[in-house]
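**Q** Fold the following for me, if possible:
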Amino acid sequence: QVQLIESGGGLVQAGGSLRLSCAASGRTGSQYAMGWFRQAPGKEREFVASINWSSSSTKYADSVKGRFTISRDNAKNTVYLQMNSLKPEDTAVYFCAADYTRFAPAAGYKYWGQGTQVTVSS
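**A** The predicted model follows:
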(Lines give C-alpha, C1' and ligand atoms only; values in the text may rest on other atoms or scores of the structure.)
Protein backbone atom coordinates (compact mmCIF):
# COMPACT_ATOMS: atom_id res chain seq x y z
CA GLN A 1 0.00 0.00 0.00
CA VAL A 2 1.11 3.52 -0.81
CA GLN A 3 -0.49 6.63 0.66
CA LEU A 4 -0.26 9.88 -1.29
CA ILE A 5 -0.78 13.43 -0.05
CA GLU A 6 -0.78 16.38 -2.45
CA SER A 7 -0.01 19.98 -1.54
CA GLY A 8 0.78 23.27 -3.21
CA GLY A 9 -2.50 24.08 -4.89
CA GLY A 10 -4.07 27.51 -4.74
CA LEU A 11 -5.27 30.54 -6.66
CA VAL A 12 -2.99 32.14 -9.22
CA GLN A 13 -3.41 34.63 -12.04
CA ALA A 14 -3.06 33.59 -15.65
CA GLY A 15 0.60 33.51 -16.63
CA GLY A 16 1.68 32.67 -13.12
CA SER A 17 3.32 29.58 -11.66
CA LEU A 18 2.64 26.97 -9.00
CA ARG A 19 4.53 23.93 -7.81
CA LEU A 20 2.57 20.93 -6.63
CA SER A 21 4.09 18.30 -4.36
CA CYS A 22 3.01 14.77 -3.63
CA ALA A 23 4.48 12.90 -0.68
CA ALA A 24 4.31 9.11 -0.67
CA SER A 25 4.35 6.92 2.41
CA GLY A 26 3.82 3.28 3.19
CA ARG A 27 5.33 0.65 0.94
CA THR A 28 7.80 2.96 -0.81
CA GLY A 29 10.77 0.62 -0.80
CA SER A 30 9.91 -0.82 -4.21
CA GLN A 31 10.35 1.10 -7.42
CA TYR A 32 7.16 2.85 -8.49
CA ALA A 33 6.07 5.26 -11.16
CA MET A 34 4.17 8.41 -10.30
CA GLY A 35 1.79 10.53 -12.26
CA TRP A 36 -0.31 13.66 -12.13
CA PHE A 37 -3.88 13.84 -13.34
CA ARG A 38 -6.51 16.56 -13.20
CA GLN A 39 -10.26 16.87 -13.25
CA ALA A 40 -12.07 20.07 -14.13
CA PRO A 41 -15.71 20.64 -13.16
CA GLY A 42 -18.04 18.64 -15.37
CA LYS A 43 -15.17 16.87 -17.12
CA GLU A 44 -13.51 13.50 -16.82
CA ARG A 45 -10.18 13.08 -15.11
CA GLU A 46 -7.32 13.43 -17.57
CA PHE A 47 -3.63 12.57 -17.64
CA VAL A 48 -1.17 15.42 -17.11
CA ALA A 49 2.31 13.96 -16.63
CA SER A 50 4.16 10.87 -15.41
CA ILE A 51 7.65 9.86 -14.40
CA ASN A 52 9.34 6.54 -13.79
CA TRP A 53 11.41 5.59 -10.75
CA SER A 54 14.79 6.61 -12.14
CA SER A 55 13.43 9.80 -13.76
CA SER A 56 14.78 8.52 -17.09
CA SER A 57 11.31 8.51 -18.64
CA THR A 58 8.65 11.21 -18.51
CA LYS A 59 5.41 11.75 -20.38
CA TYR A 60 3.24 14.83 -20.78
CA ALA A 61 -0.18 15.60 -22.12
CA ASP A 62 0.01 17.75 -25.24
CA SER A 63 -1.90 20.50 -23.45
CA VAL A 64 0.87 21.01 -20.88
CA LYS A 65 4.04 20.26 -22.86
CA GLY A 66 6.55 23.06 -22.57
CA ARG A 67 4.75 24.58 -19.57
CA PHE A 68 4.71 21.84 -16.92
CA THR A 69 7.64 19.81 -15.61
CA ILE A 70 7.41 16.65 -13.53
CA SER A 71 10.28 15.62 -11.28
CA ARG A 72 10.86 13.44 -8.24
CA ASP A 73 13.13 13.12 -5.24
CA ASN A 74 13.23 9.46 -4.21
CA ALA A 75 15.12 10.25 -1.01
CA LYS A 76 12.08 12.26 0.06
CA ASN A 77 9.52 9.97 -1.60
CA THR A 78 8.11 13.05 -3.28
CA VAL A 79 7.07 13.95 -6.81
CA TYR A 80 6.67 17.52 -8.01
CA LEU A 81 4.77 19.24 -10.78
CA GLN A 82 6.15 22.65 -11.70
CA MET A 83 3.45 24.54 -13.57
CA ASN A 84 4.42 27.68 -15.48
CA SER A 85 2.50 29.96 -17.82
CA LEU A 86 -0.75 28.84 -16.26
CA LYS A 87 -3.98 29.34 -18.16
CA PRO A 88 -7.59 29.49 -16.92
CA GLU A 89 -8.19 26.14 -18.62
CA ASP A 90 -5.65 24.59 -16.24
CA THR A 91 -8.15 25.10 -13.42
CA ALA A 92 -8.91 21.70 -11.92
CA VAL A 93 -8.39 19.40 -8.99
CA TYR A 94 -4.96 17.85 -9.44
CA PHE A 95 -4.42 14.27 -8.31
CA CYS A 96 -1.22 12.39 -7.66
CA ALA A 97 -1.04 8.68 -8.51
CA ALA A 98 1.45 5.84 -8.06
CA ASP A 99 1.91 2.26 -9.17
CA TYR A 100 4.61 -0.40 -9.13
CA THR A 101 5.99 -0.38 -12.65
CA ARG A 102 9.32 0.50 -14.21
CA PHE A 103 7.57 2.50 -16.90
CA ALA A 104 5.88 5.94 -16.75
CA PRO A 105 2.34 5.08 -17.77
CA ALA A 106 -0.41 7.54 -18.61
CA ALA A 107 -3.13 5.35 -17.14
CA GLY A 108 -3.83 2.36 -14.94
CA TYR A 109 -2.51 3.65 -11.63
CA LYS A 110 -3.45 1.76 -8.49
CA TYR A 111 -2.90 4.34 -5.77
CA TRP A 112 -4.39 7.84 -5.69
CA GLY A 113 -4.22 10.94 -3.52
CA GLN A 114 -7.18 13.08 -2.48
CA GLY A 115 -6.34 15.94 -4.80
CA THR A 116 -5.45 19.62 -4.51
CA GLN A 117 -7.36 22.48 -6.10
CA VAL A 118 -5.65 24.72 -8.64
CA THR A 119 -7.56 27.79 -9.77
CA VAL A 120 -6.21 30.09 -12.48
CA SER A 121 -7.96 33.44 -12.81
CA SER A 122 -8.05 35.39 -16.05
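
**Q** Relative to Lys76, how far out is Ser30?
**A** Applying C-beta to C-beta, to the nearest Å, the value for Ser30 to Lys76 is 16 Å. The C-beta positions use only the backbone N, C-alpha and C, and glycine is treated the same way.

**Q** contacting residues around the spatially most central residue of the chain?
**A** Centroid check for the chain by C-alpha atoms, centre = their mean gives Trp36 as the closest residue, at 2.5 Å. Applying C-beta atoms under 8 Å, 6 or more residues apart in numbering to Trp36 gives the contacts 20, 22, 48-50, 70, 79, 81, 94-97.

**Q** Look up which residues are beta-bridged to it.
**A** Listed beta-bridge partners, Trp36: Ala49, Cys96 (assigned using DSSP bridges).

**Q** what does Leu18 give?
**A** For Leu18, the beta-bridge partners under DSSP bridges are Met83.

**Q** I'd like to know how many residues surround it.
**A** As a burial measure, Leu18 scores 21 neighbours (other C-beta atoms under 10 Å).

**Q** What residues sit buried inside the helix or strand containing Val79?
**A** Per DSSP states H and E: Val79 is located in strand 78-83. Within strand 78-83, the residues that count as buried by 16 or more other C-beta atoms under 10 Å are 78-81, 83.

**Q** can you check stretch 102-115 too?
**A** Buried, per 16+ other C-beta under 10 Å, within stretch 102-115: 104-106, 109, 111-113, 115.

**Q** Other residues contacting stretch 99-111?
**A** Applying C-beta under 8 Å, 6+ apart, the set of residues contacting stretch 99-111 from outside is 1-4, 30-33, 35, 47, 50-53, 57-59, 61, 97-98.

**Q** at 6 Å instead, please
**A** With contact meaning C-beta atoms under 6 Å, 6 or more residues apart in numbering, stretch 99-111 is reached by 2, 30, 32-33, 35, 47, 50-52, 57, 59, 97-98.

**Q** repeat for stretch 16-23
**A** In contact with stretch 16-23 (C-beta under 6 Å, 6+ apart) are residues 4-8, 12, 78-84, 86, 94, 96.
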